[in-house]
Each structure stands twice: as C-alpha cells, then as structure tokens.
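my questions are about this predicted structure, shown below with the sequence.
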Amino acid sequence: MANAGNEVVFKKETVAKLLTRSFKEDKTKVSSDAVILVAEMLKVFVEEATRRAVKQADSEDCDTVDIEHFEKILPQLLLDF
C-alpha cells in the first residue's frame, strides 16, 4: 500500500499475488480488471475503517487513534462489507 498525497493506493502486483494465493488450482488466473476492482474495494475498506476509527476516537475525546478504536469499529465494519 502506498500513499500518493492523501490517497490510498494498492500495488496491482501485490493484490494479484494475494488473490492467486487463495486459488486451489494453479491453472486459475485473475484478470487485470478483477485486480483493479479488488484494489478499489481494498481502498474503500481502508478509507472507511480510518474514518470510523477517527470518529470513535473523537467520541472518546482522544487526540490520537489507537488500535482499541479500530477494534471497536471492526465488527460493524465487517458486517457492512
């Protein structure tokens, strides 16, 4: 994952490797369009997790976001996705 300015960007090669590692057969391939789609979904997921963790920290009057804030928002985030 890279950060171009304030934008989250996932390397297509990394996403493709993550996808192919879960395939049971070596013959299974992943298209470049599928890699782009999954990378965009990961981007949306990370951005939403960040927003929710910041909101959780704000609701607790904290100046920094800690792992505890992320842990509190994670169950609902996973249900939403």
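Structure received.

after the lowest-mean-pLDDT helix or strand in the chain, next one along is what?
Every helix and strand of the chain was ranked by mean pLDDT, DSSP states H and E. The lowest is strand 2-4, at a mean of 57. Following strand 2-4 in sequence order, the next helix or strand is strand 7-9 (DSSP states H and E).

average pLDDT for that following strand?
Averaged over strand 7-9, pLDDT sits at 81.

which helices and strands sit right next to the helix or strand that it is followed by?
Moving toward the C-terminus from strand 7-9, the next helix or strand (DSSP H and E) is helix 12-21. Here helix 12-21 touches helix 32-59, going by 3 or more CB pairs under 8 Å, 6 or more residues apart in numbering; DSSP states H and E. C-beta here means a position set from N, CA and C on the backbone, and glycine is covered the same way.

what comes up buried for the helix it packs on?
For helix 32-59, a neighbour-count test (16 or more other CB atoms under 10 Å) marks V35, V38, A39, L42, A49, R52, A53, Q56, A57 as buried.

ok, the residue sitting furthest away from the middle of the chain - contacts?
What lies farthest from the middle of the chain is K27; by CA atoms, centre = their mean that is 27.1 Å. By CB atoms under 8 Å, 6 or more residues apart in numbering, no residues touch K27.

for A34, see how far away it is.
Distance of K27 to A34, computed by CB to CB, to the nearest Å: 16 Å.
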